[in-house]
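Visitor: Sequence and predicted structure, then a few things I'm wondering about:
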Amino acid sequence: MADHTPQTPASAAPGTAGSAAASPAPRTTGATGVLPAVTLDDIHGAQKLLSGVSRSTALEGSRFLSGLVGAPVHFKCENLQRTGSFKIRGAYVRIAGLSAEERSAGVVAASAGNHAQGVALAASLLGVRSTVFMPEGAPLPKVAATRDYGAEVRLHGQVVDETLAAAQQYARETGAVFIHPFDHPDIIAGQGTVGLEILEQCPEVRTIVVGMGGGGLAAGIAVAVKAIRPDVRIVGVQAAGAAAYPPSLAAGRPVAIEAPATMADGIKVGRPGDVPFGIIGELVDEVRTVSEDALSSALLLCLERAKMVVEPAGASPVAALLSEPAAFQGPVVAVLSGGNVDPLLMQRILRHGMAAGGRYLSLRLRLTDRPGALATLLGVLSEVDANVLDVSHVRTDPRLGITEAEVELHLETKGPEHCTEVGTALREAGYTVID
């Protein structure tokens, strides 16, 4: 099972937040002063604005997860949204709210993927010029998609922080409006329309699980849902290697973490946004963290069981459900926030997920270098029904004796017990398994 760390926001006890969510008062922090409120009326306005622009995405049931949880589990399929993620919702609302003068100067954004595509399409639909800065190592399919949606793409920097600085500098020099990915009330109101749709599609919902990076999506959903159904539990999920919210909630203010690291680039954010942080501290009942193994296993489950292509960030709610299914009261809605994943990354993640599930085994072993030795080894593996995917045979290496050879094997297995059976069979046959 994957690791998780339940965290309860300091300012809200589980099950009690949300009674005043229809019109949250402006939030005040020592660092930022009064922050703008996001209300249910704002989200209803965003829903009207998005009519005919964003899709009301499907709600699909998961029999496998329902069996684990012991109650109905549904997927809110924002991976099937236009541009492949929920980001079009907030981006469109934000750009639509600009004045004519602001629109004439264009908009600029910085993103490695989903926000870039959302801004590009939203700006095109509204007839606004857009420039998007992306890291130099951004996946080529995401760069191409952003250009196809109408943005001018500029590649700058090796990490997102460098890209962000370049976009902000461009905004200062040109007067273009910087479109933040999560830290603005209009962005949050747009994302909150996901919450309204969940309540319409699953009025009996008891728990909503949503991935969190900067917090815009979780904040928007929390405002919408708690205003109408304060009894619904909202659970945010972060990757353990990029979990800025637990220490921030403990400190009572946004705290930056150094060098966030996770395969889930959609939620790899080093510091919560000021505006969503205030909302999440009041209205989100719990924040959990999940491991990389849990993320890859969840992505594999979505692909195999639900036939859904989901990026690691989008699979984070599923990872939380897999990690501790008994912790969630149903019916549960897990928000699959996006499906934009590079095919090469998908290949690596799926292999990682298979290994985490005991269905992929990589090992090295020593054998005597004589004719037929490799065939004998493969015979042992055949007897235990292990499928050999790849073999690397090394005869010349300073670590090896004159009569020794080393073999690296990549095997497809049936689960943890089968992996143990394979290892036992090899050792009983006299092979020295190195790892």
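Guide: Happy to help now that I have it. Residues are numbered from 1 along each chain as shown.

Visitor: Now do stretch 313-327: distance to the chain's middle.
Guide: 11 Å (C-alpha atoms, centre = their mean, to the nearest Å).

Visitor: again with stretch 421-433
Guide: For stretch 421-433, the distance to the chain centre is 39 Å (C-alpha atoms, centre = their mean).

Visitor: Any buried residues in it, and which?
Guide: For stretch 421-433, burial by neighbour count (16 or more other C-beta atoms under 10 Å) applies to 421, 422, 423, 426, 431. Every residue, glycine included, has its C-beta placed from N, CA and C.

Visitor: Mind putting those residues into JSON lines with pLDDT and secondary structure?
Guide: What follows is the buried residues of stretch 421-433, written out as JSON lines (pLDDT from 0 to 100; DSSP: H, G, I helix; E, B strand; the rest coil):
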{"residue": "421", "pLDDT": "82", "secondary structure": "helix"}
{"residue": "422", "pLDDT": "79", "secondary structure": "helix"}
{"residue": "423", "pLDDT": "79", "secondary structure": "helix"}
{"residue": "426", "pLDDT": "83", "secondary structure": "helix"}
{"residue": "431", "pLDDT": "78", "secondary structure": "coil"}
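
Visitor: out of those, what pair is the most spread apart?
Guide: Spatial extent of those (C-beta to C-beta) is set by the pair 421 and 431 at 14.3 Å.

Visitor: still on that earlier bit, list just the nearest of the buried residues of stretch 421-433 to residue 127.
Guide: residue 422 (60.8 Å).

Visitor: low pLDDT regions in the stretch 251-400 of the chain?
Guide: Residue ranges of the stretch 251-400 of the chain with pLDDT under 70: 350-358, 369, 393-400.

Visitor: Sketch out the strands for it, chain order is fine.
Guide: Assigned by DSSP state E, counting those that start in this stretch, the strands in the stretch 251-400 of the chain fall at 286-290, 332-336, 360-368, 387-394.

Visitor: same deal with the stretch 101-250 of the chain?
Guide: Using DSSP E, counting those that start in this stretch, strands in the stretch 101-250 of the chain cover 107-110, 130-134, 152-155, 177-178, 207-211, 233-239.

Visitor: Compare the ones you listed and give me the one nearest residue 120.
Guide: Across the strands of the stretch 101-250 of the chain, closest to residue 120 is strand 130-134 (C-beta to C-beta), at 5.6 Å.

Visitor: now for the closest one, which elements pack on it?
Guide: For strand 130-134, the packing partners by 3 or more C-beta pairs under 8 Å, 6 or more residues apart in numbering; DSSP states H and E come out as strand 107-110, helix 114-125, helix 140-148, strand 152-155, helix 160-174.

Visitor: Rebuild these as a markdown table, extending it with distance to residue 222 and mean neighbour count.
Guide: Shown next, in a markdown table, are the helices and strands packed on strand 130-134 (distance: least, C-beta to C-beta, whole Å; neighbours: other C-beta atoms under 10 Å):
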| stretch | distance to residue 222 | mean neighbour count |
| --- | --- | --- |
| strand 107-110 | 24 | 29 |
| helix 114-125 | 20 | 27 |
| helix 140-148 | 28 | 17 |
| strand 152-155 | 33 | 16 |
| helix 160-174 | 25 | 16 |
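
Visitor: Now tabulate these in CSV and tack on mean pLDDT.
Guide: Formatted as CSV, these follow (pLDDT from 0 to 100):
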stretch, mean pLDDT
strand 107-110, 96
helix 114-125, 96
helix 140-148, 90
strand 152-155, 95
helix 160-174, 90
